[in-house]
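Peer 1: just the structure for this:
(chains A and B)
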Amino acid sequence: MKERAVQNSSRLALYHLWIAFGVFLPAVALGAWQMLMRSPLPAPLDDTNAYYTSVTLHGTAMAYAVTTFFAMGFGYAVTATSLGRPVRGIIAAWIGFVICLIGTVMAVVIVLIGRATVLYTFYPPLLASPWYYFGALLLIGGSMIWVVLMIYNMLIWKRDNPGQPVPLAMFAITATAILWAWAASGVIIELLFVLIPQALGITTRIDVGLGRTLFTVTLHAIVYFWLMPAYIAYYTLAPEAAGGRLYSDTAGRLTFIMLLVFSVPVGLHHVFQDPDIGAGFKFLQSFLTFFVALPTLLTVFSICASLEIAGRARGGRGLLGWLWALPWQEPMVLAVALSLVMLGLGGFGGFINMSYAMNQMVHNTTWVTAHFHLIWGGAVVTMYFAIAYEIWPRITGRPLRSKELARWQLWLWFAGMLIVTIPWHITGLMGMPRRVAAFDYGDPFVAPMGPLVIISAIGGLILLVSAILLIAILVRSHFGEGQLQAPLRYAIAVNPPKAIPASLNGFALWNAILLVLMVFAYGYPIGQFLFLKSSVPAYEVTHTATSGAGP
Amino acid sequence: MPQCVQVPVDTPVKFRITSTDVIHGFLLPATNVNTMVVPGFVAEVRTAFSRPGIYEMPCNEFCGYGHHGMLARVKVVPKEQFPSLSPVERTSCAKQ
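Peer 2: A predicted model of the protein is given here:
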């Protein structure tokens, strides 16, 4: 067995992960404040303008900064440890880090001074300061250096090890990188050709339909970019932490291939209620969206099977006895269980969202907010925590202080997220719109929602406590007593792959299939805007603007 | 966007909606009416209201700092009452 330290990527990974979690804590605090603000409870700084600025900052930080920095840092750590050799292109990696950091700071500053209250989804014809768009472009564009480095590291490893299967963790992180390139193409084209020319005054009108449609290319796949590091942990770290084996290496490869192929040509399910796309293509992409459930169902099966193997190896007997035999004191094992529960609840909500007709009942209500908070804020982020708890000791050479605190943190996050999202699901079905700063709780339509909103706001405060605890644990583990740690190991499959087909050891075929699917699913929906004369004037968002301030 | 429109119950109704400024959302809770309102395009929604009453219509898409104040109503009246209605007073949404 080769020694697998985090090698030359230690500092690189640590810097990325610290930025991710450093941005995470204030973004959680903003979220908790927003929940107080829109509830019947009193909120500090009761200002509706600040609410919308905060929503923009919360979204930009969580969707772009936390996730991108986390994926990049995790990717470098995985590259070094799974391939068992130093990351190639370390200087380029640091350049990418700096570019992304500059972009993040630019975007955050511009939002904070109130020049970009357009939400992270941009919403043309609302217009922000061009510096906000440049910031986003630097952050997203800078991460493309990481994409290239992941592909490059996998390819030269394959060249050096002909005929050998790429380790599953490396295969999966490369799938993540390729997916991110596909996903980001939509928002990068929107920024370059729709938003920035308008913000700079080069164009006088803006095509809202084109902008929205391009963004949908990003909007669903980005979610899977956020999600895939969690899935990598499910497959490669969780069975190892539980003391077992991975049920199937092939299931893992198929999962990441399916996530790549099925999560991009489906973005139109975010705009089922848009008049700028026809019903036919909405139906097509609604249909394609259902395939996204396959890799997740396959994953749930494989991970439960892997944990069962671990439980039985530890002496568990009977139908469910293996469950109690699992090492629940390990944060990674606990996290997987909590994460899968949230993934299940959020996933069933997702089936409703992706169903063309049912979507009509919930579109833009708090139901949707509840859905993606359960999936990303719940299932995915819980695994980010668990990954951090696995990686920190390996990078810093100091033990986690402590596993007990980590379990508290995970349980608090789980409880908080359920308390937040269950009431949101209910108010959503009652028709409560999302992204609204203040409600008139005296209104007979809104009044019954008041108690539910108060409950969810309490959940928000629990999440904030958990996020503070997370940072406390990471800081304590960073500056604790030095002590050598076991190297990061990945789960070995029950049947380790020996020789596998090229299609399960690379992405050329799958990229070609995805390209065909994209032309099929998006060719006309995007191409139509070259012929439609649908451009309209843009509206710069300023505090004095009254756009939408009717009735 | 008128502040309130009146329509008859149990009758097919078609809304044709567009925006002259930014994107908005047109949601009638407890019905199947839910559409984005996108400048440059006309959204079309068909429904039939099975119960008379006043339906709140909050804007459900972020449209600027005044978003939370954007609220209108649809009043569903008995069928026989509708033909006798005088033209409803309509107020335009403030746009700029």
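
Peer 1: ok, B:Gly25 to A:Asn364 distance?
Peer 2: Look at B:Gly25 and A:Asn364: by Cβ to Cβ, to the nearest Å, they are 5 Å apart. (C-beta placed from N, C-alpha, C; glycine too.)

Peer 1: which residues do those two both contact?
Peer 2: Common contact partners of B:Gly25 and A:Asn364 (Cβ atoms under 8 Å, 6 or more residues apart in numbering or on different chains): A:273, A:433, B:34, B:36, B:60-61.

Peer 1: ranges for the helices of the stretch 1-150 of chain A?
Peer 2: Along the stretch 1-150 of chain A, counting by DSSP state H, counting those that start in this stretch, helices occupy A:10-37, A:48-59, A:67-83, A:90-112, A:130-160.

Peer 1: and the shared contacts of B:Gly25 and A:Asn364 as a markdown table, adding secondary structure, distance to A:Trp328 and neighbour count?
Peer 2: Below are these laid out as a markdown table (DSSP: H, G, I helix; E, B strand; the rest coil; distance: Cβ to Cβ, whole Å; neighbours: other Cβ atoms under 10 Å in any protein chain shown):
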| residue | secondary structure | distance to A:Trp328 | neighbour count |
| --- | --- | --- | --- |
| A:Gln273 | coil | 44 | 24 |
| A:Pro433 | strand | 41 | 24 |
| B:Asn34 | strand | 43 | 23 |
| B:Met36 | strand | 46 | 25 |
| B:Asn60 | coil | 42 | 27 |
| B:Glu61 | coil | 44 | 26 |
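
Peer 1: what stretches of chain B score poorly on pLDDT?
Peer 2: Flagging of chain B using pLDDT under 70 yields the residue ranges B:1, B:86-96.

Peer 1: find the centremost residue of it, please.
Peer 2: Compute the mean C-alpha point of chain B, and by Cα atoms, centre = their mean the closest residue is B:Val74, 5.7 Å away.

Peer 1: the one helix or strand that one maps to pairs with which strands?
Peer 2: Using DSSP states H and E, B:Val74 maps to strand B:71-77. With DSSP bridges as the test, strand B:71-77 is paired with strand B:4-8 (parallel), strand B:53-58 (antiparallel).

Peer 1: buried set for the last one?
Peer 2: By neighbour count on 16 or more other Cβ atoms under 10 Å in any protein chain shown, the buried set for strand B:53-58 is B:55-58.

Peer 1: what do you get for stretch A:358-378?
Peer 2: Under the neighbour-count criterion of 16+ other Cβ under 10 Å, stretch A:358-378 has A:359-378 buried.

Peer 1: may I have the phi/psi pair for A:Thr121?
Peer 2: When read as degrees, to the nearest 10, the backbone of A:Thr121 gives phi -90, psi 0.

Peer 1: what about the stretch 401-550 of chain A, any weak spots by pLDDT?
Peer 2: By pLDDT under 70, the low-scoring segments of the stretch 401-550 of chain A are A:484-485, A:542-550.

Peer 1: what segments of it are helices?
Peer 2: A:403-429, A:450-478, A:508-527.

Peer 1: how about the shortest one: buried residues?
Peer 2: The one in question is helix A:508-527. Within helix A:508-527, the residues scored as buried using 16+ other Cβ under 10 Å are A:510, A:514, A:517-518, A:521-522, A:525-526.

Peer 1: pick the one among those residues closest to B:Ser50.
Peer 2: Closest approach between the buried residues of helix A:508-527 and B:Ser50, by Cβ to Cβ: A:Pro525, at 34.2 Å.

Peer 1: for the closest residue to that closest one other than its chain neighbours, list the residues it contacts.
Peer 2: Among residues not flanking A:Pro525 along the chain, A:Phe281 sits closest, at 5.0 Å (Cβ to Cβ, 6 or more residues apart in numbering or on different chains). Contacts for A:Phe281 (Cβ under 8 Å, 6+ apart) come out as A:268, A:521, A:524-525.

Peer 1: in chain B, which spans are strands?
Peer 2: Counting by DSSP state E, chain B has strands at residues B:4-8, B:12-17, B:24-28, B:33-37, B:43-48, B:53-58, B:71-77.

Peer 1: among those, which comes closest to A:Ala184?
Peer 2: strand B:33-37 (23.9 Å).

Peer 1: quick one, phi/psi of A:Gly349?
Peer 2: Residue torsions, per degrees, to the nearest 10, at A:Gly349 are phi -60, psi -40.

Peer 1: for chain B, see how far away the residue nearest to the spatial centre of chain A is.
Peer 2: Centroid-nearest residue in chain A, with Cα atoms, centre = their mean: A:Trp226, separated by 2.3 Å. Distance, A:Trp226 to chain B, using Cβ to the nearest Cβ, to the nearest Å: 22 Å.

Peer 1: turn the buried residues of helix A:508-527 into TSV, columns for distance to A:Thr56.
Peer 2: As requested, the buried residues of helix A:508-527 are exported to TSV (distance: Cβ to Cβ, whole Å):
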residue	distance to A:Thr56
A:Trp510	35
A:Leu514	31
A:Leu517	32
A:Met518	29
A:Ala521	29
A:Tyr522	27
A:Pro525	27
A:Ile526	26
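
Peer 1: relative to chain B, which of these is nearest.
Peer 2: Closest approach between the buried residues of helix A:508-527 and chain B, by Cβ to the nearest Cβ: A:Pro525, at 13.2 Å.

Peer 1: next one: stretch A:258-268 to chain centre, how far?
Peer 2: Here the centre of stretch A:258-268 is set off from its chain's centre by 15 Å, with Cα atoms, centre = their mean, to the nearest Å.

Peer 1: I meant to write stretch A:515-529 there.
Peer 2: Centroid separation for stretch A:515-529 versus its chain: 25 Å, with Cα atoms, centre = their mean.

Peer 1: mind listing the residues bridging to B:Phe26?
Peer 2: B:Thr35, B:Cys59.
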